[in-house]
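Student: prediction below, plus the sequence it came from.
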Amino acid sequence: MKVLQELDQTFSDQKLILALGNFDGVHRGHKLLLEEMCRFASRLEAVPAALLFYPHPQQVLNPEKAPGLIIDNEKKLELMEALGIEAVIMLPFDRQMAALSPQQFIEEILLAKLKVTGVFVGFNYRFGCGATGTPELLLDYGKRLNFYVRVMPPVILNGTPVSSTSVRSALLEGDISEAKSLLGYWPVIRGRVVPGDGRGKKLGYPTANIQVPEQMLVPRSGVYACQALLEGDFYPAVLNIGKHPTFGCSRNPLIEVHLLNFRGNIYGAKMEIRLFQRLRSEKKFASKQDLINQIRKDVESAVRILEKIEAFSVC
Ligand SMILES: Cc1cc2nc3c(=O)[nH]c(=O)nc-3n(C[C@H](O)[C@H](O)[C@H](O)COP(=O)(O)O)c2cc1C
Ligand SMILES: Nc1ncnc2c1ncn2[C@@H]1O[C@H](COP(=O)(O)OP(=O)(O)O)[C@@H](O)[C@H]1O
């Protein structure tokens, strides 16, 4: 899959079908849109591609209120490639881009630069200055200027449309099973292992502290059964998102994971954690030994949950 960051490298010798959107999470609604677009492009012998903005427009326009991101760019590209997308254009989003009117976006970017044969958008797609561009405007332009426009309806699950917002709410509530239903895959946390206070080893449960970029959404605090992907291998694991009240609260919640059946120094390593189930809230324990006893129970619960998941092969 090609990843382009400029509009100068065009697809002039091939037809281009483009999905427009941010695709945070690449959830089941996004997946249907992208799959449908790939089928359509294949019939036309065109390149199925996606146009995204980076950083997420909300993070440029309204950083204080921007929602946390469900997945990072690397994961997004991985998921898109798996669906058959052949090229992703990641346009830098700055104030100049934000000032383009919907008409300019269509005429200057989609038509003049990219020469699209067609575009696919979701029913609630908005674009251009002040988010004033709508799917109807695209349909209207498509008819007049002769390019194909498909507006995909929402995917409905249990009566509500699947959306990045509903995935975020589920993660903020710690409802992993709901988030998984909406996403179509187990939610993940990705980051790098950084040093902590060196307390975990003394408790008998060393924990890799995971540093995630600050724009990422952090799921609800608490203890989770999970699986860690480290250098190509999967390990059953337990995760704590919290402030360690037993030892005096840290300022921000820390994300730390104890890998079962593993020993080694992994400071600096990249890790992906798949969340399976929230087990409990973090607690202030009266003694170190009470915390150790509880972590032992957490490990036992996690092992049972992971066995069940493997038995039903839903990983
Ligand atoms: C499965 C698990 C559950 C945990 N639960 C709690 C808890 O309920 N309360 C608490 O204060 N700390 C809890 N912790 C955090 C430990 O206090 C923490 O791992 C320890 O302080 C090590 O921190 P360090 O990585 O900075 O050395 C938990 C850790 C794990 C791995
Ligand atoms: N089973 C394991 N799970 C997680 N980390 C482990 C494990 N075994 C060894 N480690 C290593 O130990 C470190 C965690 O030990 P810990 O005493 O909690 O220190 P820190 O406070 O620096 O995280 C991890 O970052 C990793 O390098």
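Tutor: Perfect, I can see it now. Ligands and ions are numbered 1, 2, ... in the order given.
Student: would you confirm that Ile109 contacts Leu7?
Tutor: Yes: the pair Ile109 and Leu7 passes the contact test of CB atoms under 8 Å, sitting 6.7 Å apart. C-betas here are computed from N, CA, C, even on glycine.
Student: does Phe147 really touch Leu114, like I thought?
Tutor: No: applying CB under 8 Å, one finds Phe147 not in contact with Leu114, separated by 10.3 Å.
Student: so stretch 266-277, near ligand 2 or not?
Tutor: Yes: Stretch 266-277 is in contact with ligand 2 by CB under 6 Å from any ligand atom, via Ile266, Tyr267.
Student: what's that stretch in contact with?
Tutor: By CB atoms under 8 Å, 6 or more residues apart in numbering, the surrounding residues in contact with stretch 266-277 are 75, 176-177, 179, 186-195, 208, 210, 219, 224-231, 237, 239, 257, 302, 305-306, 309, 315.
Student: those residues: which ones sit near ligand 2?
Tutor: With CB under 6 Å from any ligand atom as the criterion, the contacts of stretch 266-277 include Val193, Pro195, Ala208 near ligand 2.
Student: got a list of what the second one touches?
Tutor: When contacts are counted by CB under 8 Å, 6+ apart, Pro195 touches Asn209, Tyr267.
Student: for it, give me the pLDDT.
Tutor: Looking at Pro195, its pLDDT reads 95.
Student: and Gly232, by the same measure?
Tutor: Per-residue pLDDT puts Gly232 at 95.
Student: could you do Gln59 as well?
Tutor: Per-residue pLDDT puts Gln59 at 87.
Student: give me the distance between it and Gln215.
Tutor: 6 Å (CB to CB, to the nearest Å).
Student: find residues that contact each of those two.
Tutor: Here Gln59 and Gln215 have Ala66 as joint contacts, going by CB under 8 Å, 6+ apart.
Student: hang on, the earlier thing: overlap in contacts, Phe147 and Leu114.
Tutor: Common neighbours of Phe147 and Leu114 (CB under 8 Å, 6+ apart) do not exist.
Student: which stretches of the protein have low pLDDT?
Tutor: Residue ranges of the chain with pLDDT under 70: 9-10, 12, 313-315.
Student: would you pull up the residue in it closest to ligand 2?
Tutor: Per CB to the nearest ligand atom, Gly200 is where the chain lies closest to ligand 2, at 2.3 Å.
Student: now do that residue against Val193, distance only.
Tutor: 12 Å.
Student: tell me which of those two has more neighbours.
Tutor: Per other CB atoms under 10 Å, whichever of Gly200 and Val193 has more neighbours is Val193, with 20 against 17.
Student: so who does the more buried one touch?
Tutor: Contacts of Val193 by CB under 8 Å, 6+ apart are Ala208, Asn209, Ile210, Gln211, Ile266, Tyr267, Gly268, Ala269, Lys270, Met271.
Student: got those as a markdown table, with secondary structure columns?
Tutor: Shown next, in a markdown table, are those (DSSP: H, G, I helix; E, B strand; the rest coil):
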| residue | secondary structure |
| --- | --- |
| Ala208 | strand |
| Asn209 | strand |
| Ile210 | strand |
| Gln211 | strand |
| Ile266 | coil |
| Tyr267 | coil |
| Gly268 | coil |
| Ala269 | coil |
| Lys270 | strand |
| Met271 | strand |
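Student: among these, who's most crowded?
Tutor: Neighbour counts for the contacts of Val193 peak at Ala208, which has 27 neighbours (criterion: other CB under 10 Å).
Student: what sits opposite that residue in the beta ladder?
Tutor: Val257 (DSSP bridges).
Student: I figured it hits Val257, correct?
Tutor: Yes: taking CB under 8 Å as the definition, Ala208 is a contact partner of Val257 at 5.3 Å.
Student: who touches both of these two?
Tutor: Ala228, Met271.
Student: run through the residues that contact Lys118.
Tutor: If you look again at residue 118, you'll see it is Gly, not Lys. Ile17, Leu18, Phe40, Leu44, Ala46, Gly142, Phe147, Tyr148, Val149, Arg150.
Student: now the strands for the stretch 51-200 of the chain?
Tutor: Taking DSSP state E, counting those that start in this stretch as the criterion, the stretch 51-200 of the chain carries its strands at 87-92, 118-122, 148-152, 156-157, 160-161, 188-194.
Student: pull up the pairing partners for the fourth one, direction included.
Tutor: When pairing is defined by DSSP bridges, strand 156-157 lines up against strand 160-161 (antiparallel).
Student: what's the strand it pairs with in contact with?
Tutor: By CB under 8 Å, 6+ apart, the list of residues contacting strand 160-161 from outside reads Gly29, Pro154, Val155, Ser166.
Student: give the contact list for the third one.
Tutor: Listed by CB under 8 Å, 6+ apart, the contact partners of Val155 are Arg28, Gly29, Leu32, Pro161, Val162.
Student: try the first one
Tutor: Residues near Gly29 by CB under 8 Å, 6+ apart: Gly122, Met152, Pro154, Val155, Pro161, Val162, Ser163.
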